[in-house]
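Engineer: compute the structure for the input listed below.
(one chain, ligands or ions: 1)
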Amino acid sequence: MYRFLYRALSPAGAKARLSIFIFHRVLPVADPLLPFEPDAEQFAWMVKLFARQFNVLPLGEAARRLADGTLPAAAAVVTFDDGYADNLEVAWPILKRHGVPATFFIATAFLEGGRMWNDEVIEAMRIAPPGTVDLGAFDLGQWQVDSVDSRIKAYGAVLGRLKYFDHGRRAEVAREIGRLHGVPEACQLMMTHRQLKALRAEGAEIGAHTHTHPILEGLPDDQARAEIADGKAQLEAILGERVEVFAYPNGVPGRDCSARHGEMVRDLGFRAAVTTEPRFADGESLPYHLPRFTPWDRTPSRFALRCLMQLGSRRG
Ligand SMILES: [Zn+2]
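Structural biologist: I've put the predicted structure just below:
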């Protein structure tokens, strides 16, 4: 279904439209507290659609062919941000089964099994007993948690604010919230070095995502540059090869990253970088600010339609 339309909207060559999809996690089974992360079953039909409707390429190759005007029809890239262990354990076997390549952007500070600042808050809201969660001491309000919905609402609002805290303070506050609520040490969500090497050895493309995942726009330029450079250097040390693609943390152009970060990324030797501006890329897109969007929808037919509508949308 729709195959003809995908190819009509996104022809091969100079008029190509490149769809770049963002994922973070793929859960082994659905988690009511994480309704926006696909589980293995949902991801499997998404990957089947990618395999059937698109020509999926690793980002480095897609960016090069976009610049050369040699993309195939209905070209797409599948990307994962942050470095969750479920990328290797759950997502990769499904991608591999369908022969779909993917690009994984890793924030190096969280490797070795730890968890990111956002997961400290999510896990704290998961285990907090029903009642009031008081985060007033951190200027993050008070939250009534007594249902799955109220827990999702609470962590969503807290993360929305905490995300833009001063970078060092953000990590400190998140850790403290996790500690106060007794988030167990055993809650280890990110890949280890060994797992990352295994993912690369399987043929996945690995990209950089800074060291500690700061909002670059909130940092002085020297720190932003150091974050980008550190993440790249650490990945290259682990993998023993050059890392040439990059994803901006959070990634909203103008708010989280801007043209000067694109210059830093270029000067540091990357070939392409992706934002989270939600639309397709084409010949006019800048290689250091390629847009991408988050796929969602609960049924394959709606998802197929959404991918098409995205491709057919007017150039913003
Ligand atoms: Zn990220």
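Engineer: which residues touch the closest residue to the ion within the stretch 201-316 of the chain?
Structural biologist: Taking Cβ to the ion as the measure, the stretch 201-316 of the chain has residue 249 as its residue closest to the ion, at 5.0 Å. Quick note: C-beta positions are derived from backbone N, CA and C, even for glycine. With contacts taken as Cβ atoms under 8 Å, 6 or more residues apart in numbering, residue 249 has the following neighbours: 107, 209-210, 213-216, 256-257.
Engineer: cutoff 6 Å now
Structural biologist: By Cβ atoms under 6 Å, 6 or more residues apart in numbering, the contact list for residue 249 reads 210, 213.
Engineer: that one: what secondary structure?
Structural biologist: Using DSSP: H, G, I helix; E, B strand; the rest coil as the criterion, the local structure at residue 249 reads coil.
Engineer: for residue 217, see how far away it is.
Structural biologist: As for residue 249, its distance to residue 217 is 10 Å (criterion: Cβ to Cβ, to the nearest Å).
Engineer: now do residue 244
Structural biologist: In this structure, residue 244 and residue 217 are separated by 23 Å, where distance is defined by Cβ to Cβ.
Engineer: how about the residues of the stretch 101-250 of the chain near the ion?
Structural biologist: residue 249 (Cβ under 5 Å from the ion).
Engineer: tell me the domain ranges of this protein?
Structural biologist: Structural domains of the chain, as assigned by automatic domain parsing, span the residue ranges 3-113+188-312, 117-180.
Engineer: ok and the residue in the protein nearest the ion?
Structural biologist: Closest point on the chain to the ion, by Cβ to the ion, is residue 81, at 3.9 Å.
Engineer: wait, that residue sits on residue 106?
Structural biologist: No. Between residue 81 and residue 106 there is no contact under Cβ atoms under 6 Å: 8.7 Å.
Engineer: who has more neighbours out of the two?
Structural biologist: residue 106 (30 against 26; other Cβ atoms under 10 Å).
Engineer: bridged to the more buried one, which residues?
Structural biologist: Note on residue 106: beta-bridge partners residue 82, residue 208, judged by DSSP bridges.
Engineer: that one contacts residue 83, doesn't it?
Structural biologist: Yes. Under the criterion of Cβ under 6 Å, residue 106 makes contact with residue 83 at 4.0 Å.
Engineer: any chance of the domains of the chain in JSON lines, plus mean pLDDT?
Structural biologist: Supplementary listing: the domains of the chain in JSON lines, determined by pLDDT from 0 to 100:
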{"stretch": "domain 3-113+188-312", "mean pLDDT": "95"}
{"stretch": "domain 117-180", "mean pLDDT": "95"}
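Engineer: deepest of those domains, which one?
Structural biologist: Counting by mean count of other Cβ atoms under 10 Å, domain 3-113+188-312 has the highest mean neighbour count of those, with a mean of 19.
Engineer: all helices of the stretch 101-250 of the chain, in order?
Structural biologist: Along the stretch 101-250 of the chain, the segments classed as helices by DSSP state H, counting those that start in this stretch run 117-127, 148-162, 167-180, 193-201, 221-239.
Engineer: mind giving me the packing neighbours of the third one?
Structural biologist: Put plainly, it is helix 167-180. Taking 3 or more Cβ pairs under 6 Å, 6 or more residues apart in numbering; DSSP states H and E as the contact definition, the neighbouring helices and strands of helix 167-180 are helix 117-127.
Engineer: please consider this matter closed, and thank you.
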